[in-house]
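K.L.:
coordinates only, sequence not included:
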């Protein structure tokens, strides 16, 4: 079976997992992704299926906004005696979904078009976001239309508060009315406002040149596991060598508790960063890591 608008094949787990996932979450029918099948639909298999399944769950949980928890399912299947990972995505209810570190932009937001994940146009991003924000507390209609504010008035009086013009703001129904817009116009002019179909954008020009200042590097807080890693890492070492030094047998525990936080904090670095999953991959201390090691 070939790829379709709802089916995506990946021969192995790659860096574009989040991109493909977001495209399905933003698509009105969701979709299914198979890891371990090539683009022609031939099962290849996944060498370490348990490890890859954990990585997939971790990446989908932490790298996508809004949260997509409950919108995907990761399962293993055996096709032609090959272990395959099947990821099923439902269509999300809080569109648009996007890559957390890239933000809600064309670079971080995608939609399924045919068999590809394409960047979502700005107008579509704004339209979907506008629909999502319409479901605010001020727009929700109570099923019981006989409700009054008498009870909340009692609560306010008990707290020695009065119901005044701030009351609606406290209920998140409207913002507090003030003179913000007139003051902006007096200081910046109308050219700072840009109107689009669903949004009003404001751009404020800088009025003075800011001189960059060099701030001292902040020493990161490290866990006991990362400290142990810093102590044993004396040269370029691969994962197996480091685990032997630390006397650890659980590869996934080592990755999550030692390797990942050390990489994220810039304490260690890969010798082949462009190929994170290379079998020749090794790790070494950065200058920050060397500095921390001298203090331990």
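P.N.:
Nice, I can see it. Remember, it's a predicted structure, so these values are computed and weren't measured experimentally. Numbers count the residues shown, from 1 in each chain.

K.L.:
Helices of the stretch 1-150 of the chain, residue ranges please.
P.N.:
17-26, 49-63, 122-133, 150-158 (DSSP state H, counting those that start in this stretch).

K.L.:
Without its sequence neighbours, what residue ends up closest to residue 61?
P.N.:
residue 69 (6.3 Å; C-beta to C-beta, 6 or more residues apart in numbering). Just so you know, the C-beta spots here come from the backbone N, C-alpha and C atoms, and that holds for glycine as well.

K.L.:
Correct me if wrong: that neighbour contacts residue 62.
P.N.:
No - in this structure, residue 69 is not within contact of residue 62 by C-beta atoms under 8 Å, at 10.4 Å.

K.L.:
what's the weakest-modelled helix or strand in this protein?
P.N.:
Lowest by mean pLDDT, DSSP states H and E among the helices and strands of the chain is helix 167-170, with a mean of 52.

K.L.:
Any idea how many residues pack against the residue nearest to residue 286 when sequence neighbours are not counted?
P.N.:
With sequence-adjacent residues excluded and distances taken as C-beta to C-beta, 6+ apart, residue 286 is closest to residue 269, at 5.2 Å. Using other C-beta atoms under 10 Å, the number of residues around residue 269 comes to 16.

K.L.:
what sits against residue 269?
P.N.:
The contact partners of residue 269, taken as C-beta atoms under 8 Å, 6 or more residues apart in numbering, are 263, 283-284, 286.

K.L.:
do residue 280 as well
P.N.:
238, 272.

K.L.:
what's the spacing between it and residue 274?
P.N.:
Here residue 280 is placed at a distance of 12 Å from residue 274 (C-beta to C-beta, to the nearest Å).

K.L.:
try residue 53
P.N.:
25 Å.

K.L.:
neighbour count winner among the two?
P.N.:
When neighbours are counted by other C-beta under 10 Å, residue 53 and residue 274 differ, and residue 53 comes out ahead with 18 against 6.

K.L.:
right, and that one touches residue 74 too?
P.N.:
Yes - with contact defined as C-beta under 8 Å, residue 53 reaches residue 74; the gap is 5.4 Å.

K.L.:
residues shared between the contacts of these two?
P.N.:
In contact with both residue 53 and residue 74: residue 85, using C-beta under 8 Å, 6+ apart.

K.L.:
buried ones in stretch 233-240?
P.N.:
For stretch 233-240, a neighbour-count test (16 or more other C-beta atoms under 10 Å) marks 233, 237, 239 as buried.

K.L.:
Straight-line length of that stretch, end to end?
P.N.:
12 Å (C-alpha to C-alpha, to the nearest Å).

K.L.:
Report the distance from it to the chain centre.
P.N.:
Using C-alpha atoms, centre = their mean, to the nearest Å, the distance from the centre of stretch 233-240 to the centre of the chain it belongs to is 30 Å.

K.L.:
Okay, now stretch 224-239: how far is its last residue from its first?
P.N.:
End to end - C-alpha to C-alpha - stretch 224-239 spans 18 Å.

K.L.:
Strands of the chain, residue ranges please.
P.N.:
7-10, 31-35, 64-65, 72-79, 82-89, 98-99, 110-113, 116-119, 193-195, 200-202, 268-270, 283-285 (DSSP state E).

K.L.:
which stretch among the ones you listed comes nearest residue 57?
P.N.:
strand 72-79 (5.8 Å; C-beta to C-beta).

K.L.:
for that closest one, what is the average pLDDT?
P.N.:
In this model, strand 72-79 has an average pLDDT of 93.

K.L.:
Check which residues of it are buried.
P.N.:
Here strand 72-79 shows 72, 74 as buried, counting by 16+ other C-beta under 10 Å.

K.L.:
ok, now stretch 80-88?
P.N.:
So stretch 80-88, judged by 16+ other C-beta under 10 Å, has buried residues 83-87.

K.L.:
which of these lies closest to residue 118?
P.N.:
Set against residue 118, the nearest of these by C-beta to C-beta is residue 87 (19.4 Å).
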